[in-house]
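In: Compute the structure for the input listed below.
(2 chains)
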Amino acid sequence: MSVFGTPPISQRYLDTAKPAPVQLLLHRRGLAKLLLLAVAAAVIVPLLQAKYGAAWPSSLTVDVSGPLGRTSDWIIDNRDSHPLFVYFLGHLSNAVVISVRGVYLLLLALGWTGVTAGVTLIAWRVAGVRIAATALISFVVSGLLGMWVPTMQTLALMVVAVAASVLVGALLGLAAGLSDRLFRLLRPVLDTMQVLPAFAYLLPVVLVFGIGVPAALLATVIYAAPPMARLTALGLRGADPGVLEAVASLGATGRQRLLTARLPLARKELLLGVNQTIMMALSMVVIASMIGAAGLGDRVYQALASVDVGAALAAAVPIVLLAIVMDRTTAAAGERLGADTPATGPKWQRGWPVWAGVAAVTAVLALVGRLSGSLVWPGAWSLDIARPVNDFKEWMVDHLYSGVPVVGGTADWAAHFTDWVLNPLRDGLTALPWYGTLLIVAALAWLIGTWRTALTAVLAMAAIGVLGVWKPSMNTLSQVLAALAVTLVIGFGVGILAAGSKRFEAILRPVLDVMQTMPQFVYLIPVVALFAVGRAPAAAAAVVYALPAVIRITTQGLRQVEPAAVESARSLGATRWQILRQVQLPLARPALLLAVNQGVVLVLAVVIIGGLVGGGALGYDVVTGLATGDLALGLVAGVAIVCLGLMLDRVTQPTERRTTGKGA
Amino acid sequence: MSRTRTKILGTTVLTGTVLLSLSLSACGKADMTKQSSPFAAAKGSKSVTLSVQTWVGAQSNVAVAKYLLEHKLGYHVDTVQVDEIPAWDALSQGRVDAILEDWGHPDQEQRYVKDKKTITAGGGNGVTGHIGWYVPKYWADKHPEVTNWKNLNKFAKQLRTSESGNKGQLMDGSPSYVTNDKALVKNLGLDYEVVFAGSEAAQITQIQQFAKAKKPFLTYWYEPQWLFNQVPMVEVALPKYTDACAEKGTKDPQSIDCAYPTTPLQKYFNTDFAKSGSSAAAFLKNFKWTKDDQNEVSESIASGGLSADEAAKKWADKHPDVWKSWLPKK
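Out: Coordinates of the predicted model:
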């Protein structure tokens, strides 16, 4: 049990060479916690067993399908007349439509020449030549793939979604940054938002706004605003008190202090927040297309419906490219601001003239495009990648599916994985008495965190039972655990290799970048082709999606281990394996724990989407709820997913939270 | 700091626009059920929005209608992919103008067509749909008796998979499709487990995989469907569909114990669109073809590697006699 008795990460980073007595004490404290729990269990369990039995007691469940069904009917019947809709939500929806339309028409008016030139030039000014080249290539590729119009639709949606998310996030962050009480109130909410699979809250949004762009945009904002709020609040609170004191002593008012000292000091966090928000928003593109987002996501979704991996990839590539361009541009802007160097280069490259130049060149190129008569990408310049990709997929499936000598085909692996891992795990979790599950959760969460995290985790699990979805939740949980185990084994393995070899890491990096930004949906159909329908492909897709983050964090963690420690171990004659096992891994333990935490969150997100490929359980219920407009089914499953996510996060959360979001 | 200031300026302008549009619309009522897509008719032309469902047959209807509307009547056509039941809601709100293939949703029909009158029935699209249980032909040829439900239990062992445990696997597709399979398995006393593929794409992929390996399988499937041309399948006879059984089924869906009905597929229009008197509405009302026509387009889309638009063009070039009669008379 020693693994779980860890102090907060921040503290561990501070004193990596921790004294032995502290460690010992922590062990004791862990032991004490366990003992306390065991005593409590010994008293309570017989009572519970006698009163309720091993399965979740039906007397403790609440059937919410009636009220939810009535709510859903009420919304549909009153959507066009009730003041709440007509005077508030209607305007919200209208504003979204008008803003997106405005941006979209602007992009179309600029034409492909104008948009490409504009983005390239902005990237050049903000982030340098290399990233400008990336931007140029990305837009040209999107055009070549025949995806110009969908790309513009997605871009328009993203611009508005990111602007709204940044605005909402910054306001919330500002409030939380200035008021201690709000900070305490908001922080757990924001922390939780960050671990929720977006799939869980599509249904309520759709119910209120109907299928379409407003619903899609709002779902995106809900998903993308939290990191901005978190980072704004953290940035404001982290401001150097000395500087604030100095500014205050100069007689600055509160507003002046905020504008001239606190905000500028927090600019690095603010830009990191913008960067995170953009990445989160882009990762929603495909999921949001399930509720009518149109654009690239819709192309991916439609192509997958007809099992056309090639066409899906053609639409997914522009998404990935957009993500890379926006990520690199904002990241570079953040670094430049953070470095705080005075602007370099000749005078004409600084200040407003250069921006005027950028605008002028863009306008001229837009005009040239307009005069040459092609506002959208010329159809003749296109590249058909769908067919070769599909041929490759066919070939792979033909040769790997079954009957491969010695190792067996992928279908056989999937069957074995289901029979030997998933089924026993599911049956075991289902058979485990409910109070047993609650106790285990409490023990794990308490050992690794505080009694608060333990309480949250236990309450989350109990909520699942109360909602009457205990069984499917255990099914989902078994898939998450199995996929997580595979992810960790592969992720730690590859991470260790990458940490050991600079060259390997350099090769790996672009692969991981692409894997991380690729919409999860694109993986779904190939995994079905390889692993048959069922829970195995869902787990496989989850592994693929969660791997990059785990590999990254592992590599970084191992790299950050004090070189002196490794060196001294080597000088003592330790072998490479010994160094790894006895020096590097123990010292990198905080990072490894973080990797587990991230892995759990990402795996859960994809296992849920796995409902689309036979994963069953909660994911299937959400899909069914969405597809049939059944609020009771979909919402209850959504809430259960939220609870499961909360529990998994708390159980694996090494007390102090990460500051960056997805795939740090 | 000028760069920062420019950026702040840019952000301010952007948020300003958003706020402005919010406040501009903030006087008076805003009925969100009457708002169209921001991407509609960006070219400033007359436009129609059609709902595409996930199955390829529905995509063929839309592809051909879209091609003809764009090339013969000068419309701009937007398509939205929506599941069946949400599509009714979207249609009622005017987010889409027409559904060209509906497999029968009595609840929705009652609510939107009869009560709210926001949707107008548009008649049949000429294709008759049928849902049933199917086995591959290569397997049925070897064991002809499998095509009767009474013998299915004898074959349950052969149809075991790791997902169905120790029972036979009956594969279902997307959760949005009309299905009674769970009730049927129970009420007919079959030794089978319904395994949901989760989406039609997943189900098709799995069927193709089984067919490649010449493995037996039992699946929920429907006609017309292009996959029959690739993987020939034979229907398993279920107890005969009767009105009495259907009535029992509407009262309690858990009690149904007979086959699925044969459904003439229906078109539905948004009422405002249907009453608009536009040539698009007239065209879509006339839209009516046959199962073979639909399958021809579906197959070129799904396995011929053509885009929906190319497939529609190919069909339209070949069958002008069919679509000429759809065009409204001037």
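
In: Can you pull out the low-pLDDT segments for the stretch 151-300 of chain A?
Out: By pLDDT under 70, the weakly predicted segments of the stretch 151-300 of chain A are A:195.

In: Tell me where it has helices.
Out: Counting by DSSP state H, counting those that start in this stretch, residue ranges of the helices within the stretch 151-300 of chain A are A:180-193, A:202-209, A:213-237, A:241-249, A:254-257, A:263-265, A:267-283, A:285-289, A:295-305.

In: quick one: residue B:135 is in a helix?
Out: No: counting by DSSP: H, G, I helix; E, B strand; the rest coil, residue B:135 is not part of a helix but strand.

In: wait, which of the helices of the stretch 151-300 of chain A is closest to residue A:596?
Out: helix A:180-193 (16.7 Å; CB to CB). C-beta coordinates here come from the backbone N, C-alpha and C atoms, glycine included.

In: quick check: angle from the closest one to helix A:213-237?
Out: Relative orientation of helix A:180-193 versus helix A:213-237 (axes from the mean of the first three to the mean of the last three CA atoms, to 10 degrees): 130 degrees.

In: And helix A:180-193, what's buried?
Out: By neighbour count on 16 or more other CB atoms under 10 Å in any protein chain shown, the buried set for helix A:180-193 is A:183, A:186-187, A:190-193.

In: just to revisit the earlier point, quick one, which of the helices of the stretch 151-300 of chain A is nearest to residue B:248?
Out: helix A:202-209 (31.2 Å).

In: Give me the spatial nearest neighbour of residue A:433, chain neighbours excluded.
Out: residue A:54 (3.8 Å; CB to CB, 6 or more residues apart in numbering or on different chains).

In: ditto for residue A:192
Out: Closest to residue A:192 by CB to CB, 6+ apart is residue A:646, at 6.1 Å.

In: any idea which element the one you found lies in?
Out: helix A:631-652 (DSSP states H and E).

In: packing partners for that helix?
Out: helix A:65-78, helix A:202-209, helix A:434-448, helix A:451-466, helix A:470-500, helix A:589-609, helix A:617-628 (3 or more CB pairs under 8 Å, 6 or more residues apart in numbering or on different chains; DSSP states H and E).

In: Let me have the ones you listed in TSV, extended by mean neighbour count and distance to residue A:157.
Out: Shown next, in TSV, are these (neighbours: other CB atoms under 10 Å in any protein chain shown; distance: least, CB to CB, whole Å):
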stretch	mean neighbour count	distance to residue A:157
helix A:65-78	14	24
helix A:202-209	23	14
helix A:434-448	21	38
helix A:451-466	20	33
helix A:470-500	22	30
helix A:589-609	26	20
helix A:617-628	26	20
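
In: Which residue ranges make up the domains of chain B?
Out: B:39-127+B:263-324, B:129-262 (automatic domain parsing).

In: can you redo the helices of the stretch 151-300 of chain A as a markdown table with distance to residue A:453?
Out: A markdown table is the format used below for these (distance: least, CB to CB, whole Å):
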| stretch | distance to residue A:453 |
| --- | --- |
| helix A:180-193 | 10 |
| helix A:202-209 | 27 |
| helix A:213-237 | 18 |
| helix A:241-249 | 29 |
| helix A:254-257 | 35 |
| helix A:263-265 | 31 |
| helix A:267-283 | 23 |
| helix A:285-289 | 28 |
| helix A:295-305 | 35 |
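
In: who wins for proximity to residue A:553 among those helices?
Out: Closest approach to residue A:553 among these is made by helix A:267-283 (15.9 Å; CB to CB).

In: Report the distance from the closest one to the chain centre.
Out: 12 Å (CA atoms, centre = their mean, to the nearest Å).

In: which other helices and strands contact that helix?
Out: Right, helix A:267-283 is packed against helix A:148-178, helix A:213-237, helix A:309-339, helix A:502-517 by 3+ CB pairs under 8 Å, 6+ apart.

In: circling back: what secondary structure does the residue nearest to residue A:433 sit in?
Out: coil.

In: Who's the closest spatial neighbour of residue B:246, skipping the chain neighbours?
Out: Residue B:246 sits nearest to residue B:261 (CB to CB, 6+ apart), 6.7 Å away.

In: just checking, that neighbour touches residue B:245?
Out: No: with contact defined as CB atoms under 8 Å, residue B:261 does not count as touching residue B:245 (9.6 Å).

In: Among the helices and strands packed on helix A:267-283, which comes closest to residue B:221?
Out: Between those, helix A:309-339 lies closest to residue B:221; by CB to CB that is 22.1 Å.

In: hang on, the earlier thing: looking at the buried residues of helix A:180-193, which one is closest to residue A:494?
Out: The closest of the buried residues of helix A:180-193, once distances to residue A:494 are taken by CB to CB, is residue A:191, at 28.5 Å.
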